[in-house]
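Asker: Provided below for reference: sequence and predicted model.
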Amino acid sequence: MLEQWRTIADLDAARQRFEAAIPGWQPPAAFGVARLVAGRPVFARVAVGDGFLPAVVLASVCGHASGSASYSLTPADLDRVIALLTPAVACTDLPHPNLHAWRGLRQQLSLGEDALAVFAADLSTPSENPHVTAMLEQAAVAR
C-alpha cells in the first residue's frame, strides 16, 4: 500500500523528514516550477510564503539547500517530485495547488523538453539569475 499523509500532522511530519535529509536546509521565500517559452520561464505557480512541504520535496530532487537558484528538471525529475508529493492529496483539509499546477505543467512538456525549478531566498534581494528575477517579477505582480 502506498504511503498517504491524511492529516496536517502527517504533512508536517513528512516536511520535517524531508528537511532533515537536506543539510543546511533553509525554506525559500518563494519557489516555482516553470517551462521555458521563447527562453523565458512561464511558471505553473509561484508560491510565496507557503507550500513548505512542496518546496522541500522539490529541493530534495534538485539538490537545493538554500539561497536563490534555478535548476533544470528533466521530465523524469518532475515525475519524481510529483510522486514524492502525491501522498499529500490524502489530506483533504488543505488544497494542494503546487501539486496540481506541477501535474498540469508536466502534461504540457513536449518530448525532450525540460522544466525549471526556481527558488528565491528573499523577495527583496535582486538576483543575477534571470530565472529567479523572472519569478520574483511574477510574484510581485500576483501580490
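Answerer: That came through, no problem. Please read these numbers as outputs of a predicted model, since none were measured by experiment.
Asker: pLDDT at the closest residue to Ser70 other than its chain neighbours, what is it?
Answerer: Once flanking residues are discounted, Ser70 sits nearest to His131: 3.8 Å by Cβ to Cβ, 6 or more residues apart in numbering. The C-beta positions use only the backbone N, C-alpha and C, and glycine is treated the same way. Listed pLDDT for His131 reads 96.
Asker: pull up the gap between His131 and Gly49, please.
Answerer: With distances taken as Cβ to Cβ, to the nearest Å, His131 is found 20 Å from Gly49.
Asker: of the two, which one has the most company?
Answerer: More neighbours surround His131 than the other of His131 and Gly49, with 24 against 12 (other Cβ atoms under 10 Å).
Asker: mind listing the strands the host helix or strand of Ala44 pairs with, and their directions?
Answerer: Element membership of Ala44, judged by DSSP states H and E, is strand 40-48. Strand pairing for strand 40-48, using DSSP bridges, gives strand 30-37 (antiparallel).
Asker: could you export the strand holding Ala44 as PDB, CA atoms only?
Answerer: Output in PDB follows, covering the C-alpha atoms of strand 40-48 (Å, rounded to 0.1, in the frame of the first residue of the first chain):
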ATOM      1  CA  ARG A  40      11.600  33.000 -20.700                       C
ATOM      2  CA  PRO A  41      10.200  31.000 -17.800                       C
ATOM      3  CA  VAL A  42       6.400  30.600 -17.600                       C
ATOM      4  CA  PHE A  43       5.500  29.500 -14.100                       C
ATOM      5  CA  ALA A  44       2.800  27.000 -13.400                       C
ATOM      6  CA  ARG A  45       2.500  28.600 -10.000                       C
ATOM      7  CA  VAL A  46       4.700  30.700  -7.800                       C
ATOM      8  CA  ALA A  47       4.400  30.000  -4.100                       C
ATOM      9  CA  VAL A  48       5.200  32.900  -1.800                       C
END
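Asker: buried residues in that strand?
Answerer: Using 16 or more other Cβ atoms under 10 Å as the test for burial, strand 40-48 gives 41, 43-48.
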